[in-house]
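Student: Sequence first, then the predicted structure, then my questions.
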Amino acid sequence: MMRNKTYRLAFVLFLLMSVIACSSDEVTMEVMATAYNALPAQTDGDPTVAAWGDVLDLSIPSIAVSRDLIELGLVHDTKVRIDGFPGYYLVRDKIHKRFTKRIDIFMGLDLEAAKEFGIQPVLIRWDIVPNE
């Protein structure tokens, strides 16, 4: 008898947690992360100007995202948290269309830091903002 009550309570708690989780507008996803620099060899044009026209600046933590992530809501100026990194990063740039599920973390002119970072899986989080 006690076992049935425990199972019922566990089931009700599970349902409640599911409803709470579904009502959240935060998206969490594992992606591959690389790093990039504002260097002529890493761009098609002006290395300090991003795809949406923003001038890249180290005082504004920025990332580039693959096109499939843009379709999922990671649009220009979306605030993104990267697990293991402090604060937020703004979506300021786009990655070549051949890549999917990828972000590129802007590291200014520090080529060695970008090379040391390499490529690694990271967990990112962002809030879905309704269309206006």
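Tutor: Great, that's in hand. Residues are numbered from 1 along each chain as shown.

Student: Run through the helices of the protein in chain order.
Tutor: Assigned by DSSP state H, the chain shows helices spanning 2-23, 67-71, 111-117.

Student: Burial check on Met69, number of neighbours?
Tutor: Let me fix one detail, which is that residue 69 is Leu and not Met. 27 (other CB atoms under 10 Å). C-beta here means a position set from N, CA and C on the backbone, and glycine is covered the same way.

Student: Can you give me every residue that contacts it?
Tutor: Contacts for Leu69 (CB atoms under 8 Å, 6 or more residues apart in numbering) come out as Met29, Val31, Lys101, Arg102, Ile103.

Student: Check which strands are paired with the longest strand that the chain contains and give the direction for each one.
Tutor: Of all segments of type strand in the chain, defined using DSSP state E, the longest is strand 26-36. Using DSSP bridges, the strands paired with strand 26-36 are strand 102-106 (parallel), strand 120-127 (antiparallel).

Student: Okay then, goodbye and thanks.
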